[in-house]
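**Q** coords below, sequence missing:
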DNA sequence: GAATAGATTGTCT
DNA sequence: GACAATCTATTCT
């Protein structure tokens, strides 16, 4: 189990360390899992791109103000769910958006959820697709990601997964936040260089 | 390959 | 009533 201290750090620090971790969702006795390959940090009241910009606190983003290591799940564009990992300490509303996973287990389930025409590498490519492949919705909001049906795991060497080196991590501007002015340009998106499951691949990757 | 439009609803002003 | 931390198909170039 990942220690609580792993999550209780600034989102900007936690974000790159989430790359390579495995996100697992167990439902109906079936395990579906993917390796995180793309994330974005949302850094509290000062970050105009964050739901907590200006210290905004509503029923929707309440989980961002809670303890680190919980899932913040929200609905967007009338049809997609997005999942974040809450960072920092209580009262500090920071989170890391999980934007893409590379399928690791439960491929058949993911294919069934995504439809017949989706390439395996794209099953969890993009935040909306990730939640669909892993069957994450409002029921997982505030779930403890250290334990439980939806949880984060260290990569297992046995499964052939390795912890990425810092040289494999690409920083780039966040996606879909053009309205946030100067904050939109900050390189607070982290992805694994050249990975086929990364959405909107940075040019140098 | 890039740009555009349409889908569709929870959330907040 | 406006808009959103998106995705897909379609229509350009």
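**A** Great, that's in hand. Here the structure is a predicted model, which means the values were calculated and not measured. Numbering: from 1, shown residues only, chains lettered A, B, ... in the order given.

**Q** Name the SS class of the residue nearest to the spatial centre of chain A, please.
**A** Residue closest to the average C-alpha location in chain A (CA atoms, centre = their mean): residue A:98, at 1.3 Å. Following DSSP: H, G, I helix; E, B strand; the rest coil, we place residue A:98 in the strand state.

**Q** so who does it touch?
**A** For residue A:98, the residues meeting the contact criterion (CB atoms under 8 Å, 6 or more residues apart in numbering) are A:18, A:23, A:36, A:38-39, A:82-85, A:127, A:130. Every C-beta, even on glycine, is put in place using the N, C-alpha and C of the backbone.

**Q** and chain A, which residues reach DNA strand C?
**A** A:40, A:42, A:49-52, A:64, A:72, A:76-80, A:82, A:84, A:95, A:97, A:114, A:117-118, A:122, A:125-130, A:174-177, A:179, A:199 (CB under 7 Å from any atom of the strand).

**Q** ok, back up a step: could you give the bridge partners of the residue nearest to the centre of chain A?
**A** Beta-bridge partners for residue A:98, by DSSP bridges, are residue A:39.

**Q** where does residue A:121 land in three-state SS?
**A** On the three-state scheme (three-state DSSP), residue A:121 is labelled helix.

**Q** what pLDDT does it get?
**A** Looking at residue A:121, its pLDDT stands at 95.

**Q** Need the pLDDT of residue A:204.
**A** Taken from the predicted model, the pLDDT recorded for residue A:204 is 65.

**Q** ranking the contacts of residue A:98 by neighbours, who comes first?
**A** With neighbours taken as other CB atoms under 10 Å, the top of those is residue A:38, carrying 31 neighbours.

**Q** contacting residues for that residue?
**A** Taking CB under 8 Å, 6+ apart as the definition, contacts of residue A:38 comprise A:19, A:98-100, A:189-192, A:195, A:197-199.
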